[in-house]
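>>> make a model of this:
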Amino acid sequence: QVQLVESGGGLVQAGGSLRLSCAASGRSFSDYIMGWFRQAPGKQRELVAAVTESGSRTYYADSVKGRFTISRDPAKNMVYLQMNSLKPEDTAVYYCAAGRFLLTTPRMYDYWGQGTQVTVSS
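Numbering: from 1, shown residues only. This next block holds a predicted model:
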């Protein structure tokens, strides 16, 4: 069992930065691939970034490559998403998720946080 709690969302101007944090609890945190999804109003939930259990491999959606960085700190049971050069189209609720496979399909992830709102103004 893994519990996830996101923080760090907020309102930022285009071109600005935010860092999202995901605090994980549970003995098996290190066994899971961790991902950040986002969902904008009227759109499907999409995988933005993911990192493998060891942190050795990462995945980024094309729309955020070069601007977002995912990382995990096993000692603190934390996962981060550093978001730079933010655009209005990045506006969404961002969710932290834990899964067994590095897949882009939301239903393949086992545990979810409650989400944190990111709003980028133009």
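>>> now the helix or strand hosting Val120: buried residues?
Taking DSSP states H and E as the criterion, Val120 maps to strand 116-121. By 16 or more other Cβ atoms under 10 Å, the buried positions in strand 116-121 come out as 116, 118, 120. All C-beta spots, glycine's among them, are computed from the backbone N, C-alpha and C.
>>> likewise stretch 76-86?
So for stretch 76-86, counting by 16+ other Cβ under 10 Å, buried means 77-81, 83, 86.
>>> coming back round to it: helices and strands around the strand holding Val120, which ones?
strand 10-13, strand 18-25, strand 92-99 (3 or more Cβ pairs under 8 Å, 6 or more residues apart in numbering; DSSP states H and E).
>>> just say which of those strands is most tucked in.
Among the helices and strands packed on strand 116-121, strand 92-99 has the highest mean neighbour count (mean count of other Cβ atoms under 10 Å), at a mean of 23.
>>> give me the mean pLDDT for it.
Mean pLDDT, computed over strand 92-99, is 97.
>>> what's the angle between that strand and strand 116-121?
Counting by axes from the mean of the first three to the mean of the last three Cα atoms, to 10 degrees, strand 92-99 lies at 140 degrees to strand 116-121.
>>> who are the neighbours of strand 92-99, in terms of helices and strands?
Against strand 92-99 (3+ Cβ pairs under 8 Å, 6+ apart) you get strand 3-7, strand 18-25, strand 33-39, strand 109-112, strand 116-121.
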